[in-house]
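Engineer: need a structure here:
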Amino acid sequence: MSEFFLPGIPIFEASAPGRMDVMGGISDYSGSLLLQMPIRETTTVKVQRRSQNDRIHIKTKSSNVIDEFVISLDQLSTTDHLSFVNSISTQPGGDWAAYILGCIFVLARSKQLHFDGMNIFVESSVPVGKGVSSSAALEMATLCALSKMHGLKLSSTDLPLIAQQAENQIVGAPCGLMDQLTSHLGERNKLLPLICQPHDVFPSFSLPKSISFCGIDSGIRHAVSGASYSDVRAAAFMAYTIIATSTGISTDKLKPVKASGLWDQLPFKGYLSNIPQSLFESSYKYLLPDQISGAEFISQYQLSIDQTTSIIPDKIYRLRACAEHPIRENFRVQTFLMLLRQFSKSRDKNEVLKLLGELMYQSHAGYSSVGLGNDRTDELVEMVRSAGPERQVYGARVTGGGSGGTVCILCYGKDGKDTVRSIFNEYRKTNGIKSYFFTGSSDGAMLSNKLDTM
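Structural biologist: Numbering: from 1, shown residues only. Down below sits the predicted model:
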């Protein structure tokens, strides 16, 4: 690395962790309460201005594999984000470099910054494709290093919002905001409650004594840019359109709202999770078709208010299930947090742990109901269920965008952690695969990098 950087020129360094999605997951874009925790694994980014102001040179090191990417400043200077996407996507390595360059592109335009040539070195222990937000860790570490370099003083949510915009517009992944918020604002061994309407952050909550959450990688690569995740998100917003129009809102009134992104005056403020579960069951559930083609929906309703996804005419969307999941999940997460807050005062802690575990199992089943389940994550969840409270493990669920990735497990005491470790070893041996065991936590980027905020 010493050969990569130039002597005598300051180097700005920042780190950010991945995250464990304890509860909430894909319900973030529907406005549900979420419970997230930063993991121990982190990404570190080092940035240095180049003496020759001609290009950005990126070098990454992960699992002893080194990749490089170079882009000219002329390519970065375009004002059109689609032209910028095309310029990097045609180069080898553009897929991973887009996360870094997207942050530079959006930060420059949102804060009116001028970027000189740079050397950027990335080193990460956050596994890629495991559903623990390696992308958010990379984005937040990049933005924090750039913020240090330019001496920026921003609000606590500015950088996560820029990171999300970079991932949506430049990478092309329709992610919500929970990953970036957790990587930036999370605290070690604490749950971070979030409501992405659009970015309400609540004080982190210390886990009760002896309760912990571990993760086991299923070995099935997770990709948030995958079509199924986009389809589920699109279906949720299509369902919202039908519910909104049933209250008297015309699609003509939805058009300017989609363009502005200002949803406050819409029914339920534009978020499915603001609909009480009982009201959804009694008034809206059966207004929604079980399935509908994109073409049929466009013909009847024209659009959804989501700026991130597109409705594809020849696709079939599962509207009822995709609306029901976030509404139920919001209730589950609220109950989960309330039980955790009261846990230390509970007389029968074993029964409370069973209730917490059942909420996780229900959340996992919700992923399957919308088409984001996977045989391997189901296998891990059933291994936890079979071990059960007798071995101090109480619940499990697939995390993040589903369709593989990591399973989060609720365990109690040392015996619970030992049980999860034995499940991990048995799962690897049975399936003959490499896997990853997640345990431990770390502070988010804002704390670990001691950033100044407004």
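Engineer: ok, Gly94 touching Gln75?
Structural biologist: No. Contact between Gly94 and Gln75 fails when scored by CB atoms under 8 Å: they sit 10.9 Å apart. Where you see a C-beta, it was placed from the backbone N, CA and C, and this is true even at glycine.
Engineer: Please enumerate the shared neighbours of these two.
Structural biologist: Ile88 (CB atoms under 8 Å, 6 or more residues apart in numbering).
Engineer: Would you mind confirming that Leu339 is in contact with Lys349?
Structural biologist: No. Look at Leu339 against Lys349 with CB under 8 Å: they stay out of range, at 10.5 Å.
Engineer: pLDDT below threshold where in the protein?
Structural biologist: The chain contains residues with pLDDT under 70 at 1-2, 63-66, 79, 222-227, 452, 454.
Engineer: quick check: longest strand of it.
Structural biologist: When the chain is parsed with DSSP state E, its longest strand is strand 33-49.
Engineer: So in that sheet, which strands flank that strand, and in what orientation?
Structural biologist: Note on strand 33-49: by DSSP bridges, its sheet partners are strand 12-23 (antiparallel), strand 118-124 (antiparallel), strand 190-195 (antiparallel).
Engineer: Count the residues that sit near the residue nearest to Arg50 when sequence neighbours are not counted.
Structural biologist: Spatial nearest neighbour of Arg50, excluding adjacent residues (CB to CB, 6 or more residues apart in numbering): Gly117 at 3.5 Å. A count of nearby residues for Gly117, using other CB atoms under 10 Å, gives 17.
Engineer: again with Arg341
Structural biologist: Arg341: 11 neighbours (other CB under 10 Å).
Engineer: Three-state assignment for Asp443, please.
Structural biologist: Three-state call for Asp443 (DSSP: H, G, I helix; E, B strand; the rest coil): coil.
Engineer: Spit out the contact partners of it.
Structural biologist: Counted by CB under 8 Å, 6+ apart, Asp443 has contacts Pro17, Pro38, Gly186, Glu187, Arg188.
Engineer: Quickly name whichever of those residues is closest to Pro289.
Structural biologist: Gly186 (38.7 Å; CB to CB).
Engineer: Which helix or strand contains the residue nearest the centre of the chain?
Structural biologist: The residue lying closest to the centre of the chain (CA atoms, centre = their mean) is Asp179, at 3.5 Å. Assessed by DSSP states H and E, Asp179 sits inside helix 178-185.
Engineer: quick one: that helix to strand 33-49, angle?
Structural biologist: Between the axes of helix 178-185 and strand 33-49, defined by axes from the mean of the first three to the mean of the last three CA atoms, to 10 degrees, the angle is 60 degrees.
Engineer: Which of the residues in helix 178-185 are classified as buried?
Structural biologist: For helix 178-185, the neighbour count (16 or more other CB atoms under 10 Å) marks Met178, Asp179, Gln180, Leu181, Thr182, Ser183, His184, Leu185 as buried.
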